[in-house]
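Peer 1: Build me a model:
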Amino acid sequence: MGILLAMQGAVAQGVLWGIMTLGVLLTFRILNIADMTVDGSFATGGAVTAVLIVRGMNPLFSLVFVFAVGMITGLCTGLLHTKLKIPVILSGILSMIALYSINIRIMGRANTPIIGVPTIMNGLQEKFGLSPNTASLLVGIIFCIFIIGIIYWFFGTEIGSAIRATGNNENMVRALGIDTDLMKILGLMIANGLVSLSGALVAQSQGYADVGMGTGTIVIGLASIIIGEVLRGRHISFYSYLISVVLGSVVYRIIIAVVLQLGLKSTDLKLLTAVIVASSLALPVIGSNVKKRAKNISPSQEGM
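Peer 2: You can find the predicted model right below:
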């Protein structure tokens, strides 16, 4: 019974964190950037929604401000990288460090509970008699469907196509007269807006916002993307790609829930995630080297 409840919670959290994975996908796979800002902007989303809800704002309307603040964090990283010529990874790290202090300033402390105040999830629980996990899952699915549809449409537009092209071949796009710096900034803004939105929904689901809730977000996002790419297989359409990374987030949370039930310490989760990501990134390289060696050995054997 315990493992079933853990699975339900894992699926619900996986869908909510899947929105964050979509944001990481935009920078990591589309823009070809490993944006460290997300570790800070995820917590920023939680901090902003917690403060606004506690002060009486509608929990759904607070998400508009969350997305806007998230876009500002991406804007800061983009300006550091494109205008001040700071390497993109360092730009993200600087933003992440700054956001730690900013998030404490927003909340006035390191942790803000939102239990006992209206949230999207407990509103559904009261109205339809849903369990906390079911309410979180329903909210996550609705938001994921809406966001995937918007992303799919946007990246089919002229601006969206320019952002994708910038990630594929920046020099060629610049030669066509497109402002690649602007495309990078827009991509980072949208990505961090989504990450902040995910952080806000997770905070509303768990009943509190914490300054450290975004620690390891980039690694979790990468792990979810890699798992999603494995699930996708040969289906290469962009729409199926977006769905697969959300499913990857769900599978990642299920894996974590299972290993915790098997007795793994929660303090070892970051190590497990790092191993999953490193192994997944290394496997294609190892496989390629094995194939090359096999090809080199075959002609020599034929000559003998």
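Peer 1: Could you list the domains of the protein?
Peer 2: Per the record, the chain has its domains at 2-264, 269-304, by automatic domain parsing.
Peer 1: deepest of the ones you listed, which one?
Peer 2: The highest mean neighbour count among the domains of the chain, using mean count of other Cβ atoms under 10 Å, belongs to domain 2-264: a mean of 20. C-beta: built from backbone N, CA, C; applies to glycine.
Peer 1: Walking through the stretch 151-300 of the chain, point out its helices one by one.
Peer 2: Under the criterion DSSP state H, counting those that start in this stretch, the stretch 151-300 of the chain contains helices at 158-168, 170-175, 180-206, 217-232, 238-261, 269-303.
Peer 1: Nearest to residue 75 among those helices would be which one?
Peer 2: Each of these has some distance to residue 75 by Cβ to Cβ; the shortest is helix 180-206, at 5.3 Å.
Peer 1: Just the angle for the closest one relative to helix 217-232, thanks.
Peer 2: 90 degrees (axes from the mean of the first three to the mean of the last three Cα atoms, to 10 degrees).
Peer 1: what's helix 180-206 packed up against?
Peer 2: Packing partners of helix 180-206 (3 or more Cβ pairs under 8 Å, 6 or more residues apart in numbering; DSSP states H and E): helix 2-25, helix 38-54, helix 62-82, helix 120-128, helix 132-154, helix 158-168, helix 170-175.
Peer 1: could I get these as TSV with distance to residue 211 and mean pLDDT?
Peer 2: Below are those laid out as TSV (distance: least, Cβ to Cβ, whole Å; pLDDT from 0 to 100):
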stretch	distance to residue 211	mean pLDDT
helix 2-25	17	89
helix 38-54	6	97
helix 62-82	15	97
helix 120-128	22	93
helix 132-154	22	96
helix 158-168	31	95
helix 170-175	35	93
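Peer 1: Relative to residue 105, which of those helices is closest?
Peer 2: Judged by Cβ to Cβ, the one of these that comes nearest to residue 105 is helix 38-54, at 9.0 Å.
Peer 1: Next, the contact list for the residue lying closest to residue 130 once chain neighbours are set aside, please.
Peer 2: Closest residue to residue 130 apart from its sequence neighbours, by Cβ to Cβ, 6 or more residues apart in numbering: residue 124 at 5.4 Å. Contact analysis of residue 124 by Cβ atoms under 8 Å, 6 or more residues apart in numbering lists 130, 135, 138, 139.
Peer 1: tell me the secondary structure for the first one?
Peer 2: Okay, so that is residue 130. coil (DSSP: H, G, I helix; E, B strand; the rest coil).
Peer 1: Looks like it contacts residue 137 (just checking).
Peer 2: No. The criterion here is Cβ atoms under 8 Å, and residue 130 misses it with residue 137 at 9.0 Å.
Peer 1: which of the contacts of residue 124 sit farthest apart?
Peer 2: Pairwise over the contacts of residue 124, using Cβ to Cβ, the maximum falls at 130 and 139, 10.0 Å.
Peer 1: what residues does stretch 134-151 touch?
Peer 2: Outside stretch 134-151, the residues within contact range by Cβ under 8 Å, 6+ apart are 8, 11-13, 15-16, 18-19, 22, 26, 120-122, 124-125, 130, 194, 197, 201, 205, 239, 242-243, 246.
Peer 1: switch to 7 Å and redo it
Peer 2: Residues from elsewhere that reach stretch 134-151 (Cβ atoms under 7 Å, 6 or more residues apart in numbering): 11-12, 15-16, 18-19, 22, 120-121, 124-125, 194, 201, 205, 242-243, 246.
Peer 1: next one: stretch 63-83
Peer 2: Contact with stretch 63-83 is made by 35, 37, 40-41, 44-45, 48-49, 52, 86, 88, 91-92, 94-95, 99, 181, 184-185, 188-189, 191-193, 195-197, 200, as judged by Cβ under 7 Å, 6+ apart.
Peer 1: mind checking how far it is from the chain centre?
Peer 2: Relative to its chain's centre, stretch 63-83 lies at 15 Å (Cα atoms, centre = their mean, to the nearest Å).
Peer 1: returning to what we had before: nearest to residue 288, of the helices and strands packed on helix 180-206?
Peer 2: Among the helices and strands packed on helix 180-206, the nearest to residue 288 by Cβ to Cβ is helix 158-168 (21.1 Å).
Peer 1: Report all helices and strands that that closest one contacts.
Peer 2: helix 170-175, helix 180-206 (3 or more Cβ pairs under 7 Å, 6 or more residues apart in numbering; DSSP states H and E).
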